[in-house]
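# Could you work out the structure for the sequence below:
(4 chains)
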There are 2 protein chains.
Amino acid sequence: MALRHAVLAALLDGELSGYQLAKAFDVGVANFWHALPQQLYAELARLEKEGLVAGRRVVQETRPAKRLFHVTDAGLAELERFAAAASKPSFVRDDLLVKVQAADHVDAGPLIRQVEERAAVAEAKIDLFRRILRKMRGDLGEEEFLRAGRRVGPYLTCLRGLAFEEGNRDWCLRTAAILRDRNAAVAGAGTPAVPGEGTAPAYRRPEVARAER
Amino acid sequence: MALRHAVLAALLDGELSGYQLAKAFDVGVANFWHALPQQLYAELARLEKEGLVAGRRVVQETRPAKRLFHVTDAGLAELERFAAAASKPSFVRDDLLVKVQAADHVDAGPLIRQVEERAAVAEAKIDLFRRILRKMRGDLGEEEFLRAGRRVGPYLTCLRGLAFEEGNRDWCLRTAAILRDRNAAVAGAGTPAVPGEGTAPAYRRPEVARAER
DNA sequence: CTCCCATAGTCAAGGATATGACTATTCAAC
DNA sequence: GTTGAATAGTCATATCCTTGACTATGGGAG
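Numbers count the residues shown, from 1 in each chain, chains lettered A, B, ... in the order given. Presented below is the predicted three-dimensional model:
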């Protein structure tokens, strides 16, 4: 039930429309939470009904009208309550890690490609985050901004996003190199397609007949 | 729909009972996926019905009987298919980051405590991961193990977990220090409880009367 | 002149996850 | 001698999240 609080936190920086929120919570920039547009519009409706945010309609000339939302005092109080409550630990849930976990038992080719692609994605995010951070701190140096700047929350979460993506990139590059080496070694030793099968799996499945292959 | 593949990947290292799986997917060790026991038992039942895993009953003397599951050839094929398909990017979803995003608008005290507690949790996980890695590579050095070891998938995902927790710890410690400094600075300047309110929020809420406070 | 993209927002359906409780046995501590 | 932790597993409910649509307008590319 933290999506609502993520929305409240995002609206602290100023009024946003649902559409703008959706972009902020989209892949690429969502440093502290991720959500799809449908969720956000639904959550905004709930938050408004409960009086935690309020919206005002803004008519535009060249674009469809939009509704800009801001956090009410009740919303701020709710955020305060949330921030003081215990946080549950966060979990890893990543398709790619599941695949790497199985790396010794599946075809290495597609996996290596995916890991390398992820490294490129991480690199792009790193660039983006660096630009965002520069923009947020303006003329000030990082240390100075963090000491005296008036709004450091988003800066700090962006720093976490940056460090995460740097870790991601480094790990992906190393993992890809390792899998490539192993794949080449096994291929050189004569086993053609599936390297894991060449290097004796740690666990021989019992009672299941290993047909063909 | 990746939980099933995470279960398959976990069972590659040998037979496991639902209970053992649950421990592996619990907080603390789940390097590549996290899930609750209920989910795992349900998923195991589905996987068995579809013939992707098979279980055998093992009666024990001092403990209740258990069912040990292993991946079938069909399961391995399914995992192969999954590994070759495109992975969707993974997302950040962390209560604590939401709170830090709102750091300038909420009471800093409880937040700082939580960030420091998270740093301690990360430190404990780092120790745990280092022990697990040492155990997995045995006598070999890391480079050597990754070149020649016969099962590196779990080692690689554990390395990612280690790097993640190191990043977590470093960020938490730095963030806590920054928030402490800022809190002390504002308290010294005369504002008592809520420091964010002392430093002029970037956005003045319109049309909403700012009662008392 | 048409097609696609960006803006702005909504609906329905179903799968995935979380919360909380519950059974049953054994060992070890108090 | 009863309570508590660990083993082993299950059920029900509720909420969350994802998938895949769909409406509508305006601007720019080709």
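# going forward, measure contacts between C-alpha atoms and count neighbours the same way
Fine.
# What mean pLDDT does stretch A:123-139 get?
Averaging pLDDT along stretch A:123-139 gives 94.
# Now do that stretch: distance to the chain's middle.
Stretch A:123-139 sits 16 Å away from the centroid of its parent chain (Cα atoms, centre = their mean, to the nearest Å).
# list the buried ones in it?
By neighbour count on 16 or more other Cα atoms under 10 Å in any protein chain shown, the buried set for stretch A:123-139 is A:123, A:125-126, A:129, A:132-133, A:136-137.
# before we move on, what about stretch A:62-80?
Under 16+ other Cα under 10 Å, the buried positions of stretch A:62-80 are A:66-73, A:75-76, A:79-80.
# Quick check: the gap between residue A:133 and DNA strand D.
Distance of residue A:133 to DNA strand D, given as Cα to the nearest atom of the strand, to the nearest Å: 26 Å.
# Quick one: neighbours of the nearest residue to that residue once chain neighbours are set aside, just the number.
What sits nearest to residue A:133 in space, not counting adjacent residues and going by Cα to Cα, 6 or more residues apart in numbering or on different chains, is residue A:155, at 6.4 Å. Neighbours of residue A:155 under the rule other Cα atoms under 10 Å in any protein chain shown: 23.
# in what helix or strand does residue A:155 lie?
Taking DSSP states H and E as the criterion, residue A:155 maps to helix A:153-188.
# Residues of chain A that sit close to DNA strand C?
Residues of chain A lying close to DNA strand C (Cα under 7 Å from any atom of the strand) are A:17-20, A:37-38, A:41, A:63-68.
# Just the pLDDT at residue A:186, thanks.
Looking at residue A:186, its pLDDT reads 75.
# mind checking how far it is from residue A:180?
10 Å (Cα to Cα, to the nearest Å).
# Looking at the two now, which is surrounded by more residues?
Ranked by neighbour count (other Cα under 10 Å), residue A:186 and residue A:180 place residue A:186 first, with 19 against 16.
# how big is the angle separating the helix holding residue A:155 from helix B:153-188?
Inter-element angle recorded for helix A:153-188 and helix B:153-188: 170 degrees (by axes from the mean of the first three to the mean of the last three Cα atoms, to 10 degrees).
# for helix A:153-188, packing partners?
With contacts defined as 3 or more Cα pairs under 8 Å, 6 or more residues apart in numbering or on different chains; DSSP states H and E, helix A:153-188 has these neighbours: helix A:108-137, helix A:195-198, helix B:95-101, helix B:142-148, helix B:153-188.
# Would you single out the least confident of the ones you listed?
Lowest mean pLDDT within those: helix A:195-198, a mean of 41.
# what residues are up against residue A:65?
Going by Cα atoms under 8 Å, 6 or more residues apart in numbering or on different chains, residue A:65 touches A:57-59.
# Show the backbone phi and psi for it.
For residue A:65, the backbone dihedrals are phi -60, psi 150 (criterion: degrees, to the nearest 10).
# Tell me which residue in chain A sits closest to DNA strand C.
residue A:66 (3.3 Å; Cα to the nearest atom of the strand).
# got the contact list for that residue?
Residue A:66 neighbours (Cα under 8 Å, 6+ apart): A:17, A:57-60.
# swap in residue A:35?
Contacts of residue A:35 (Cα under 8 Å, 6+ apart): A:3, A:22, A:25-26.
# Format these as CSV; extra columns: neighbour count, pLDDT and distance to residue A:171.
CSV is the format used below for the contacts of residue A:35 (neighbours: other Cα atoms under 10 Å in any protein chain shown; pLDDT from 0 to 100; distance: Cα to Cα, whole Å):
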residue, neighbour count, pLDDT, distance to residue A:171
A:3, 17, 96, 29
A:22, 21, 95, 29
A:25, 22, 94, 25
A:26, 17, 90, 24
